[in-house]
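> using only what follows, build the 3D model:
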Amino acid sequence: MTCDLKPDVMKKVIDTERIPIKLWLDEIDDQTLYQAKNLANLPFAFKHICLMPDAHSGYGMPIGGVMATDGVIVPNAVGVDIGCGMCAVKTNLKFTPAIRKKFESILEDIKRRVPVGFSHHKKTQDESLMPQNQDIDSLPIIRKEYASALKQLGTLGGGNHFIEIQKEKDNTIWIMIHSGSRNLGKQVADHYNKLAKKLNKEWNSPVNPKADLAYLPFTTNEAHQYYDEMNYCVDFALANRKLILTRVQEVFRYYFPNITFGEIINIAHNYAAWENHFGKDVVVHRKGATSAHKGELGIIPGSQGTNSYIVEGLGNPESFASCSHGAGRKMGRNEAIRTLSLEEEQRKLDRLGVVHAIKRQRDLDEAPSAYKNIVQVMADQEDLVKIVVKLWPLAVIKG
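All right, here's what the predicted structure looks like:
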């Protein structure tokens, strides 16, 4: 049964499964709903499942999904790009037509300093920039991949990762970055998901293996091991974004010697954390969703031709104090490349004056038309966050 609710709260509640599914979106495709129902029927899922307004299907768990669990952790409910997230910084620079003329050169200089796509640095980066709060000797996958990670530090990656120059209403320029834990996170994710599947089979787990939601109870060493390695990846992803930001700032200082930068705003998605909700300590999995505790600053990006937002969390308990991590895809990558018009997508962005990244047919996987309407996404989560700053895109580098 699906119940429609008042427009000032989540859109719908599906109460046909073991626990309810709460939706902050009007429409949901069959695959995303199927995955959400799999979550709702897990024996350890707590209270209810949340789908943020940017939700769409993923591997095992929908992107834009939030699940709290009682004493277990699910690697595939975190995802492969562990700790992927956003950072944003305000400058004292005001956008002018003269500055816009420099954007092409600025972007090229950034790309010389920040490898994109599958590219890594040829030399290892400063080891002091790596996370220092954990002993890697106790983290087997991190230890194995550490040397490679030193060359991945400060690299953008591919897909929907980006560096974007933006402005707010008064023309003040911002810098925004979306990147994650690179191959380090993927190696940790793949290893522990494979391990969880093996153990679940040995335990005759009640979880359907076809759901791809194998779990690790915190009564096992494997769960604690994964949790520690996952947290290292979250810290590495932040270190990665910080180094990318440093390189971008170096370029801006070259062109604008008097520029200053505000404090970094950082928010991660794709992680799990112990939190207290509804009077119980639970493991909150946010896969393509971000924390929105009361008063917490966050970032909800658009899609290179649409607005992005700096937001403040409202701490809504019904979403486990969470919100969307972006606009969310409405069309798969291959579908976008196959069906969208390159000329039309370029015209849209050119009319907006955005120095964009849609150069070839294959770039259409990241065209704005491949994403949901960010205005509607923001309207659908007015009970989760309030908008602090609205930003407009000026120039974009895509992975």
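
> how about the strands in the stretch 101-250 of the chain?
Ranges of strands within the stretch 101-250 of the chain are 162-167, 172-179, 216-217, based on DSSP state E, counting those that start in this stretch.

> counting by contacts, list what the first one packs against.
This points to strand 162-167. Secondary-structure packing of strand 162-167 (3 or more Cβ pairs under 8 Å, 6 or more residues apart in numbering; DSSP states H and E): helix 103-113, strand 172-179, strand 385-398. For glycine as for every other residue, the C-beta is placed from the backbone atoms N, C-alpha and C.

> that one vs strand 172-179, what angle?
Relative orientation of strand 162-167 versus strand 172-179 (axes from the mean of the first three to the mean of the last three Cα atoms, to 10 degrees): 170 degrees.

> neighbouring strands for strand 162-167, and are they parallel or not?
Counting by DSSP bridges, the strands paired with strand 162-167 are strand 172-179 (antiparallel), strand 385-398 (antiparallel).

> quick check: mean pLDDT of the last one?
Going back to what we said before, that points to strand 385-398. Throughout strand 385-398, pLDDT has a mean value of 97.

> C-alpha coordinates for that strand, PDB please?
Taking Å, rounded to 0.1, in the frame of the first residue of the first chain, the C-alpha atoms of strand 385-398 are listed here in PDB:
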ATOM      1  CA  VAL A 385      17.500  21.300   4.400                       C
ATOM      2  CA  LYS A 386      17.200  25.100   3.900                       C
ATOM      3  CA  ILE A 387      19.100  26.900   1.200                       C
ATOM      4  CA  VAL A 388      21.900  29.200   2.400                       C
ATOM      5  CA  VAL A 389      23.500  30.200  -0.900                       C
ATOM      6  CA  LYS A 390      22.300  29.600  -4.500                       C
ATOM      7  CA  LEU A 391      25.100  29.200  -7.000                       C
ATOM      8  CA  TRP A 392      25.200  29.500 -10.800                       C
ATOM      9  CA  PRO A 393      27.700  27.600 -13.000                       C
ATOM     10  CA  LEU A 394      30.400  29.500 -14.900                       C
ATOM     11  CA  ALA A 395      33.000  27.000 -16.000                       C
ATOM     12  CA  VAL A 396      33.300  23.200 -15.600                       C
ATOM     13  CA  ILE A 397      36.000  20.500 -15.800                       C
ATOM     14  CA  LYS A 398      34.500  17.000 -15.900                       C
END
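
> so which bits of that strand are buried?
385, 389, 391, 392, 393, 394, 395, 396, 397, 398 (16 or more other Cβ atoms under 10 Å).

> and the strands of the stretch 101-250 of the chain: which comes nearest residue 94?
Residue 94 lies closest to strand 172-179 among the strands of the stretch 101-250 of the chain, at 6.2 Å (Cβ to Cβ).

> I'd like the average pLDDT over that closest one.
The average pLDDT within strand 172-179 is 98.

> restricting to C-alpha, output it in CSV.
The C-alpha trace of strand 172-179 is given here as CSV (Å, rounded to 0.1, in the frame of the first residue of the first chain):
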residue,chain,number,x,y,z
THR,A,172,31.0,36.5,-5.9
ILE,A,173,33.0,33.5,-7.3
TRP,A,174,33.0,30.1,-5.7
ILE,A,175,35.0,27.0,-6.4
MET,A,176,33.3,23.6,-6.0
ILE,A,177,34.9,20.1,-6.3
HIS,A,178,33.3,16.6,-6.5
SER,A,179,35.7,13.7,-6.1
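
> quick one on the thing from earlier: can you tell which of the strands of the stretch 101-250 of the chain is closest to residue 125?
Of all the strands of the stretch 101-250 of the chain, it is strand 172-179 that lies closest to residue 125, at 14.2 Å by Cβ to Cβ.
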